[in-house]
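In: sequence first, then the predicted structure, then my questions.
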Amino acid sequence: MRNQTKEVFRGQIFAFLITLAFAGAGAYVICSGHPVAGTIFGGVGLGSIVSTFIWGRTRQSPQSSSALEPKLTDK
């Protein structure tokens, strides 16, 4: 379980760094005189991260969410 937590954290850090790289490259391209290309470049980076998080949440199985719910027992 601990290794899985580290792996998830590492994935989030890399996703953040990739997003920053795309945003920085998009800003550089915009400042270089190509506003449309820079906006597309920055938007693709941001859109890929957002879509990954949305897609990941919708793909969670109902079993995984029910495993976290407390079990009620008869007394």
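Out: Everything's here; your move. In this text the structure is predicted, and so the values were computed from the model without any measurement.

In: what about the host helix or strand of residue 3, distance to the chain center?
Out: If you go by DSSP states H and E, residue 3 is part of helix 2-31. Computed by C-alpha atoms, centre = their mean, to the nearest Å, the chain-centroid distance of helix 2-31 equals 9 Å.

In: going by neighbour count, which residues of the helix or strand following it are buried?
Out: Beyond helix 2-31 on the C-terminal side, the first helix or strand identified by DSSP H and E is helix 35-58. Neighbour counts over helix 35-58 (16 or more other C-beta atoms under 10 Å) mark 38, 41-42, 45 as buried. Heads up, the C-betas are built off the backbone N, CA and C, glycines and all.

In: which one is residue 43 nearest to, not counting chain neighbours?
Out: Counting by C-beta to C-beta, 6 or more residues apart in numbering, residue 26 is the residue found nearest to residue 43 once chain neighbours are left out, at 7.5 Å.

In: what about that neighbour, distance to residue 47?
Out: Distance, residue 26 to residue 47, using C-beta to C-beta, to the nearest Å: 12 Å.

In: where in the protein is pLDDT low?
Out: 57, 59-75 (pLDDT under 70).

In: thinking again about what came up before, can you lay out the buried residues of helix 35-58 as CSV showing distance to residue 10?
Out: Below are those laid out as CSV (distance: C-beta to C-beta, whole Å):
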residue, distance to residue 10
38, 29
41, 25
42, 24
45, 19
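
In: closest one of those to residue 7?
Out: residue 45 (22.3 Å; C-beta to C-beta).

In: so that closest one versus residue 9, what's the distance?
Out: Distance of residue 45 to residue 9, computed by C-beta to C-beta: 21 Å.

In: same thing with residue 41?
Out: In terms of C-beta to C-beta, residue 41 sits 27 Å off from residue 9.

In: does residue 38 touch residue 26 like I think?
Out: Yes: assessed by C-beta atoms under 8 Å, residue 38 is found in contact with residue 26 at 4.6 Å.
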